[in-house]
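Novice: A predicted structure for the sequence below; I have some questions about it.
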Amino acid sequence: MFSRGFSWYACSFKDTPPLGSFQLAGQVNNQFGTKTFVRGNCARAFTLVDILVSVAVMAVLIGVLLPSVAKVRESARRVICQSNLKQIGLGITMFADDNRNLIPESVYGGRNDFRQSPAEMMQLHLGSDNAANWEGLGWLIPDGHITAEGVFYCPSHKGNHAHDHYEDAWTDLGSEIVGNYNYRPLAGAALDIVSMDSQTVLSTDGLRTASDYNHIVGHNSLAADISVTWYSDTNGDLLSLLAVTDQGEFGGDYGAATVWQILDNGGPTPGQLSNPGGTDSSDGAGEKEIQPPDQIGRLGRMGR
């Protein structure tokens, strides 16, 4: 081979020389004599420009394909999330069969000395060094209605309550455990699953904060008939109702309760939920009193 400018040429010989030939000025000199290139048979290879163009094309293709790959991965996570809620629904049904048709209760559903607190109903265990201190959906664990705690965690969760964060807590059952799904705040007679409308939503993606809203553009919801439905929220109307952090700013219980009410009424109307809290931005006063969602309601489907 020989170089010419920035191009490289691969050439053939009339008589192929043995290995170890020395290449110079288009000739090969060795102990057998001098062989010349047949210049008409030289094939032009890649230039530096060709390589740079190829790299640029590949970069463009990768940029085009990556969003599609991300969407496929999120779709797969959404399916796993739906499967998790389906298993939770089966667990709730079995629990009710064993407990006179009553589904698990929650201290945050409004019983005893606790006021109704919808935003806290992602909790599964209250901790306090009491292994039996189960809460809400966590009551599906003790009697084996749910056997794997991973069911309570969505693979799309991006907040502070990933499964691995609570591995030690699941082992010793001495501290608070939070899952990724919000349980419905119900109490008293409303816990009777037989009396519920079949489309009453019992659990959905987390509503404690915006980071607990697992899929961002929508959420999966579990109905009393164990059906799981995807509800689109591409405009972020429901997401905008939720608190940004756990620090008690606008959102919290009011936001979570409002989401339940909106879903029961058929879902949000795009663009009509801006600043729904009614707070006075000047001094923080004037926040509307939390209105708990109906104890038993029907969820309007927004579409799969």
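Specialist: Structure received.
Novice: Phi and psi next, for residue 141.
Specialist: When read as degrees, to the nearest 10, the backbone of residue 141 gives phi -80, psi -50.
Novice: distance of it from residue 158?
Specialist: Separation of residue 141 from residue 158 (Cβ to Cβ, to the nearest Å): 25 Å. Heads up, the C-betas are built off the backbone N, CA and C, glycines and all.
Novice: who has more neighbours, those two?
Specialist: residue 141 (21 against 14; other Cβ atoms under 10 Å).
Novice: For residue 195, see how far away that one is.
Specialist: From residue 141 to residue 195 the distance is 25 Å (Cβ to Cβ).
Novice: what do you get for residue 106?
Specialist: In this view, residue 106 and residue 195 are 18 Å apart by Cβ to Cβ.
Novice: neighbour count winner among the two?
Specialist: The residue with more neighbours, out of residue 106 and residue 195, is residue 106; 27 against 12, by other Cβ under 10 Å.
Novice: In contact with that one, which residues?
Specialist: 121, 135-136, 183, 185-187 (Cβ atoms under 8 Å, 6 or more residues apart in numbering).
Novice: in the chain, which segments are predicted with low confidence?
Specialist: Along the chain, segments meeting pLDDT under 70 span 1-45, 69, 110-116, 246-251, 265-304.
Novice: what about the strands in it?
Specialist: Residue ranges of the strands in the chain, as given by DSSP state E, are 2-4, 7-10, 22-24, 27-30, 33-36, 43-44, 123-126, 176-178, 181-183, 201-205, 218-223, 228-232.
Novice: ok, back up a step: neighbour count and distance to residue 71 added to the contacts of residue 106, as CSV?
Specialist: Shown next, in CSV, are those (neighbours: other Cβ atoms under 10 Å; distance: Cβ to Cβ, whole Å):
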residue, neighbour count, distance to residue 71
121, 28, 30
135, 23, 35
136, 27, 32
183, 30, 29
185, 24, 34
186, 27, 35
187, 18, 40
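Novice: Can you add distance to residue 94 and give the residues you listed back as JSON lines?
Specialist: As requested, the contacts of residue 106 are arranged in JSON lines below (distance: Cβ to Cβ, whole Å):
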{"residue": "121", "distance to residue 94": "20"}
{"residue": "135", "distance to residue 94": "18"}
{"residue": "136", "distance to residue 94": "16"}
{"residue": "183", "distance to residue 94": "16"}
{"residue": "185", "distance to residue 94": "22"}
{"residue": "186", "distance to residue 94": "18"}
{"residue": "187", "distance to residue 94": "21"}
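Novice: And these, which is closest to residue 101?
Specialist: residue 186 (13.0 Å; Cβ to Cβ).
Novice: For the closest one, which non-adjacent residue is spatially closest?
Specialist: Nearest residue to residue 186, sequence neighbours excluded (Cβ to Cβ, 6 or more residues apart in numbering): residue 109, at 5.3 Å.
Novice: thought the one you found was touching residue 185?
Specialist: Yes - using Cβ atoms under 8 Å, residue 109 makes contact with residue 185 at a distance of 4.7 Å.
Novice: Residue 200 and residue 227, how far apart?
Specialist: 11 Å.
Novice: Tell me which of these two has more neighbours.
Specialist: A direct count of neighbours by other Cβ under 10 Å for residue 200 and residue 227 places residue 200 higher, at 22 against 15.
Novice: Now that one. Nearest residue, chain neighbours left out?
Specialist: Once flanking residues are discounted, residue 200 sits nearest to residue 224: 4.6 Å by Cβ to Cβ, 6+ apart.
Novice: quick one: contacts for the one you found?
Specialist: Contacts of residue 224 by Cβ under 8 Å, 6+ apart are 193, 196-202.
Novice: ditto for residue 180
Specialist: Residue 180 makes contact with 122, 152-154, 157, 159, 161, 205-206, 212, 214, according to Cβ under 8 Å, 6+ apart.
Novice: one more time with 6 Å
Specialist: When contacts are counted by Cβ atoms under 6 Å, 6 or more residues apart in numbering, residue 180 touches 153-154, 157, 206, 214.
Novice: Now do the helices for the chain: every range, in order, please.
Specialist: Assigned helices in the chain, in chain order: 48-98, 167-172, 252-264 (criterion: DSSP state H).
Novice: If I take the longest one and strand 228-232, what angle do their directions form?
Specialist: With axes from the mean of the first three to the mean of the last three Cα atoms, to 10 degrees applied, the angle from helix 48-98 to strand 228-232 works out at 130 degrees.
Novice: Right, I'll leave it there.
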